[in-house]
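S.K.: Give me a model of this one.
(one chain, ligands or ions: 2)
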Amino acid sequence: MVSSRPHIILSAAISLDGKIATITGDSALSSKKDKIRLHRLRSQMDAILVGKNTILQDNPMLNVRYVKGKNPIRIVLDSLGQIPTSSKIIQSSHQIPTIIAVSKKASKKNLANLAKFPVDVVIAGQNKVELKRLLRFLHHKKIKTILLEGGGTTNWDFVSQGLVDEVVVTVTPYLVGGNKAKTLVEGDGFSKISQSLRLNLCKITRQNNELVLYYN
Ligand SMILES: NC(=O)c1ccc[n+]([C@@H]2O[C@H](COP(=O)([O-])OP(=O)(O)OC[C@H]3O[C@@H](n4cnc5c(N)ncnc54)[C@H](O)[C@@H]3O)[C@@H](O)[C@H]2O)c1
Ligand SMILES: Nc1nc(=O)c(N)c(NC[C@H](O)[C@H](O)[C@H](O)COP(=O)(O)O)[nH]1
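M.R.: Residues are numbered from 1 along each chain as shown. Ligands and ions are numbered 1, 2, ... in the order given. Below is the predicted model of the structure:
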């Protein structure tokens, strides 16, 4: 069957207790070896997608720098178009193609600020970004594969709509606790295990103190 949307791989590092960051938002969980593995995976993807909070918290580059390889297109979900133009992703948009997906709720002022940079602003949805609509657009733009790099809120949006095809999770040797610390998948959650997304474990690799789990 020919798919009408990109293939989506959810990727993250988690603590042993399933968190993707501490209560203060510190997400430096991966070892250097894991970052090298992640960047190799990034270089094989057409695009990387994250939610706005990950940009605010981590100010990531979302590029390939620990290995040689091509940079994927970067996509940020940001309903209101509030991402600061001082963020690394906007500041480096001259070098790496960058898409900001917003809804019709984004203010003219925010859109005008973004328009000062060579970012592609895509309006897809009334209040939030309608993921299926955005994915259709990306598919037309020849984006066949997306690495979904969180955070937990964005992961839930994709999981709850049946839009995750694979999961690659690095289990790191930390117990961080905190009932408000973000977990791999946030949102309302499924009520029943029988309704939740069930995957098949297809590969495990060990990197010293970490395990990388591959599910599809
Ligand atoms: N350990 C890891 O692998 C990893 C990976 C990514 C992020 N993180 C951490 O996760 C935390 C952030 O996670 P989070 O759950 O707070 O936020 P998030 O990064 O998922 O961003 C959520 C925001 O993205 C936007 N968004 C999401 N879905 C949208 C949609 N459908 N339409 C429009 N906008 C949408 C909204 O503004 C929403 O508030 C940070 O602390 C970050 O460090 C960790
Ligand atoms: N595999 C993985 N291990 C981590 O320890 C971690 N924090 C992330 N998190 C993904 C998230 O998107 C981060 O913001 C980027 O990993 C930072 O991205 P850059 O290095 O600046 O490209 N992913």
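
S.K.: rest of the way, CA atoms for contacts and neighbours
M.R.: Noted.

S.K.: do stretch 8-26 and ligand 1 meet at all?
M.R.: Yes - on the criterion Cα under 6 Å from any ligand atom, stretch 8-26 is in touch with ligand 1 at 12, 13, 14, 20, 21, 25, 26.

S.K.: how about the nearest residue to the first one, chain neighbours excluded?
M.R.: Yep, that's residue 12 we're talking about. Once flanking residues are discounted, residue 12 sits nearest to residue 169: 5.1 Å by Cα to Cα, 6 or more residues apart in numbering.

S.K.: Now do the same contact list for residue 177.
M.R.: Residue 177 sits next to 17, 19, 22 when contact means Cα atoms under 8 Å, 6 or more residues apart in numbering.

S.K.: The second one - how many residues pack around it?
M.R.: Right, the one you point to is residue 19. 27 (other Cα atoms under 10 Å).

S.K.: Was I right to think it contacts residue 176?
M.R.: Yes - using Cα atoms under 8 Å, residue 19 is in contact with residue 176, at 7.2 Å.

S.K.: Pull the distance from stretch 58-70 to the chain's centre.
M.R.: In this view, stretch 58-70 has its centroid 13 Å away from the chain centroid, taken as Cα atoms, centre = their mean, to the nearest Å.

S.K.: hang on, the earlier thing: can you name the next helix or strand after the helix or strand harbouring the residue nearest to residue 12?
M.R.: Taking DSSP states H and E as the criterion, residue 169 maps to strand 166-171. Using DSSP H and E, the next helix or strand after strand 166-171 towards the C-terminus is strand 201-207.

S.K.: Describe which strands that next one pairs with in its sheet and in which direction.
M.R.: Its sheet considered, strand 201-207 pairs with strand 210-215 (antiparallel) by DSSP bridges.

S.K.: Would you mind pulling the contact partners of stretch 25-34?
M.R.: With Cα under 8 Å, 6+ apart, stretch 25-34 has contacts from 13-15, 20-21, 57-58, 170, 172, 174, 181-182, 207.

S.K.: Tell me the buried residues in stretch 153-165?
M.R.: By 16 or more other Cα atoms under 10 Å, the buried positions in stretch 153-165 come out as 153, 154, 155, 156, 157, 158, 159, 160, 163, 164.

S.K.: what about residue 159, which SS state?
M.R.: In three-state terms, and counting by DSSP: H, G, I helix; E, B strand; the rest coil, residue 159 is helix.

S.K.: how much space between the spatially most central residue of the chain and ligand 2?
M.R.: With distances taken as Cα atoms, centre = their mean, residue 149 lies nearest the centre of the chain, 2.5 Å away. Per Cα to the nearest ligand atom, to the nearest Å, residue 149 is found 5 Å from ligand 2.

S.K.: and that residue, what does it touch?
M.R.: 10, 11, 12, 48, 49, 50, 155.

S.K.: Could you do residue 36 as well?
M.R.: Counting by Cα under 8 Å, 6+ apart, the residues that residue 36 touches are 66, 67.

S.K.: ok, now how distant is it from residue 42?
M.R.: As judged by Cα to Cα, to the nearest Å, residue 36 and residue 42 stand 10 Å apart.
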